[in-house]
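J.: A structural model of the following input is requested.
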Amino acid sequence: MSRVVVPKRARNEGMTEQLVYRNLQRLGYFDDDSVLVEPKKSEKPQIQKLLASATKRSKGRGAGYPDYIIRGVQQEDVAIVIECKADTAKHVSANLNQFADYAVDGARLYADYLSKELDVLYIGVSGQNDKELKVSHFVKLRGEQEHKEVLKDCGLQGFPSYLEQLRNHRFRVDYSALLDYVGGLNKQLHGKRIPEKQRAILFSGILLALEDHTFRSTYKHHEDSASLMDTLITRVSRILDAASPNSDEKFSGLRDEFASIQRSPALIRDGYFKELVQEIEQNVYSFVKNNEYHDIISRCYVEFLRYANDDGSLGIVLTPTHITQLFCEISGLNKNSVVLDNCCGTAGFLVAAMGKMTQLAHGDKAKIEAIKKSQLIGVEYQPHIYNLAVSNMIIHGDGKSNILHDDCFKATSRVKSFKPTVALLNPPFNDGSGIDELEFIENALECLEPNGIAIAIVPMSCAMYSKGAGLELKSRLLRHHSLEASMSLPNQLFNDKGANTCALVFRAHVPHDERKMTWFGYWRDDGFVKSKRRREDSADRWSSIREKWISSFVNQTVETGFSLKQAVGPGDEWLCEAYLETDYSKITRADFERDVKRYALYNLMLEINGGCGDIDEDG
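T.: As a prediction, the model looks like this:
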């Protein structure tokens, strides 16, 4: 009996291109006038030029083009390219150099040419139907050598998702370069014997002056640094006058700080100051303008303190940007919220809140002006920190800064007059004043309108008080306000600062009902790892972790090993760890070995330290 051979259906690359087209259509690419999808060839001269010699064959002639080029009308510096192959076996080669025959390889070639001037997200697609479709995404940034795979195990995505990937990767590269520059600048200024606090004021003063168009367009024409310094002080004074007219007393300290810079021979000698202004414009000002509402002043202040000893003892730490932005999300703030930070430091939380509320205003200019004029309230006691906070807010567009130079415990009535509805704070840790971190939370809650939400970062020890003054503080808080949630935060959140922390969420002026369940989250892994003295999201994990954290918080989900609900009173621990069940199915041999080693090390430290052992989770 003869065997009937049924021929396999011929694979057609055109079918894959049509499949991609239908997916793009489903994702809304052709309904959005701000997005251009160009098959085979782009109308943009810059792209034509860059691809003019991008043939996929070693002896080919003329330009090569991907199957699809996607670009945004408003995004001149980015491009998305898609290369299709019919057979999934031709998706990607072992060495990524078979440009004519493999989807990812071909897309990679085009990205190499385009990334000479553009940030590129390139996509290899193979298969003949949705079920077998393979999709791989990579990012190649302008001027960078690295090809970074992103969106693993994902199908084709919408244009906003791709744009976010490109922006996030560009930000990470530019931010790392910026911090490297600031680190070098700090060493320079240290070598010139400029005091740490004066470095930060100098830095913020130059950024403030660069906000003035006249100064920015004329400073290079000054013949010497001394005259340029005079001009800078004049321009900064005008900016302060515009920010708060008739408030000489409010900004007198800041003016004095800037004026003191004039008396530094090391800055004006040999034209150094002029060079410094130009460097900061190129390396910092452009970053600030391209990354609006990112708190670079605070980050640089921490860098400038690297050689100082005093402020560390005052408990001053920088709240990481991804945490300030996260708190803005989970606080539920909207465009009408009034946000308070009663120990605002350099104003990181307020800058993040300004950015979020401005985004929620959707371009309403009157509302955005109102947000900046009267909906952001800060209190800072230390003069030099206050000056930096004011500078920070003005640089980020807050023309009527409501930063009060005061003791928050004495400014309660003034703060209440603004009727704040949300408080975001990171009170000073162990600052030697004898004021407990929970007292700052109590003060913020007192200032809030009824049902307002306060979110604060505190050492875990505050959530564990079970006797004495600490227990009384917890009792007082719950007599007047309710504990809505507690989230244990990552170790080394503040880099070299050793305190393990948690975030406490309170509802103002609603007494705590001990029968009501409080939500607890185990937010110990944010995907960031320590690198070059700072924590970075090097593996691109934060985006997905952030979404899980927000979703679990908003929906109050319960998940073994991650979150739970528990009724608590003042004498209980306000930490997830106290009630968390272990998901034993996720424990690996490596976990077991690590914890045995930790336990052994802990016992050794007990013996060495005479009964006091302390190790963090990183061993």
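
J.: and the closest residue to residue 388 other than its chain neighbours, how far is that from residue 489?
T.: Nearest residue to residue 388, sequence neighbours excluded (Cβ to Cβ, 6 or more residues apart in numbering): residue 346, at 4.7 Å. Where C-beta positions appear, they are placed from N, C-alpha and C, glycine not excepted. Computed as Cβ to Cβ, to the nearest Å, the residue 346 to residue 489 distance reads 20 Å.

J.: now residue 530
T.: In this view, residue 530 and residue 489 are 15 Å apart by Cβ to Cβ.

J.: compare the two and say which is more crowded by neighbours.
T.: Neighbour tally, residue 530 and residue 489, criterion other Cβ atoms under 10 Å: the higher count belongs to residue 489, 19 against 13.

J.: residue 501 is in contact with that one, correct?
T.: Yes: the pair residue 489 and residue 501 passes the contact test of Cβ atoms under 8 Å, sitting 4.7 Å apart.

J.: which residues are common contacts for these two?
T.: By Cβ atoms under 8 Å, 6 or more residues apart in numbering, residue 489 and residue 501 have these common neighbours: residue 457.

J.: give me the domain ranges for the chain.
T.: What automatic domain parsing lists as the domains of the chain is 13-158, 310-578, 586-619.

J.: and the end-to-end length of the first one?
T.: Its first and final residues considered, domain 13-158 spans 23 Å by Cα to Cα, to the nearest Å.

J.: strands along the stretch 251-400 of the chain, start to end?
T.: Secondary structure of the stretch 251-400 of the chain (DSSP state E, counting those that start in this stretch): strands located at 339-341, 376-380.

J.: which stretches of the stretch 451-600 of the chain have low pLDDT?
T.: Counting by pLDDT under 70, the stretch 451-600 of the chain contains low-confidence residues at 495-498, 532-533, 582-587, 591, 598-599.

J.: can you give me the strands in it?
T.: So, for the stretch 451-600 of the chain - with DSSP E, counting those that start in this stretch - the strands run 453-459, 482-488, 501-507, 518-522, 529-531, 534-536, 563-566.

J.: export those strands as TSV, with columns for distance to residue 301.
T.: Output for the strands of the stretch 451-600 of the chain, formatted as TSV (distance: least, Cβ to Cβ, whole Å):
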stretch	distance to residue 301
strand 453-459	18
strand 482-488	26
strand 501-507	20
strand 518-522	30
strand 529-531	20
strand 534-536	14
strand 563-566	35
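
J.: among those, which comes closest to residue 105?
T.: strand 534-536 (29.6 Å; Cβ to Cβ).

J.: strand partners (parallel or antiparallel) of the closest one?
T.: Paired neighbours of strand 534-536 in the sheet (DSSP bridges): strand 529-531 (antiparallel).

J.: distance from the chain centre to the partner strand, please.
T.: Relative to its chain's centre, strand 529-531 lies at 15 Å (Cα atoms, centre = their mean, to the nearest Å).

J.: please pull out the lowest mean pLDDT helix or strand from this protein.
T.: Within the chain, no helix or strand scores below helix 248-261, which has a mean of 66 by mean pLDDT, DSSP states H and E.

J.: circling back: so which of the strands of the stretch 251-400 of the chain is the most packed in?
T.: For the strands of the stretch 251-400 of the chain, average neighbour numbers computed from mean count of other Cβ atoms under 10 Å are highest in strand 339-341, which has a mean of 29.

J.: show me what that one is packed against.
T.: Counting contacts by 3 or more Cβ pairs under 8 Å, 6 or more residues apart in numbering; DSSP states H and E, strand 339-341 packs against helix 348-360, strand 376-380, strand 422-425.

J.: can we see that at 10 Å?
T.: helix 348-360, strand 376-380, strand 422-425, helix 437-447 (3 or more Cβ pairs under 10 Å, 6 or more residues apart in numbering; DSSP states H and E).

J.: all helices for the stretch 301-450 of the chain, in order.
T.: Applying DSSP state H, counting those that start in this stretch to the stretch 301-450 of the chain gives helices spanning 321-330, 348-360, 365-374, 383-395, 412-416, 437-447.

J.: what helices or strands is the first one leaning on?
T.: With contacts taken as 3+ Cβ pairs under 10 Å, 6+ apart, helix 321-330 sits against helix 296-304, helix 348-360, strand 422-425, strand 453-459, strand 482-488, strand 501-507, helix 542-555.

J.: could you redo the last one with a cut-off of 8 Å?
T.: With contacts taken as 3+ Cβ pairs under 8 Å, 6+ apart, helix 321-330 sits against helix 348-360, strand 422-425, strand 453-459, helix 542-555.

J.: then it to PDB, C-alphas only?
T.: These are the backbone C-alpha positions of helix 321-330, laid out as PDB (Å, rounded to 0.1, in the frame of the first residue of the first chain):
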ATOM      1  CA  THR A 321      12.800  58.800  42.700                       C
ATOM      2  CA  HIS A 322      11.100  55.500  41.900                       C
ATOM      3  CA  ILE A 323       9.800  55.500  45.500                       C
ATOM      4  CA  THR A 324       8.600  59.200  45.500                       C
ATOM      5  CA  GLN A 325       6.700  58.500  42.300                       C
ATOM      6  CA  LEU A 326       5.300  55.200  43.700                       C
ATOM      7  CA  PHE A 327       3.900  57.000  46.700                       C
ATOM      8  CA  CYS A 328       2.200  59.500  44.500                       C
ATOM      9  CA  GLU A 329       0.500  56.700  42.700                       C
ATOM     10  CA  ILE A 330      -0.700  54.800  45.800                       C
END
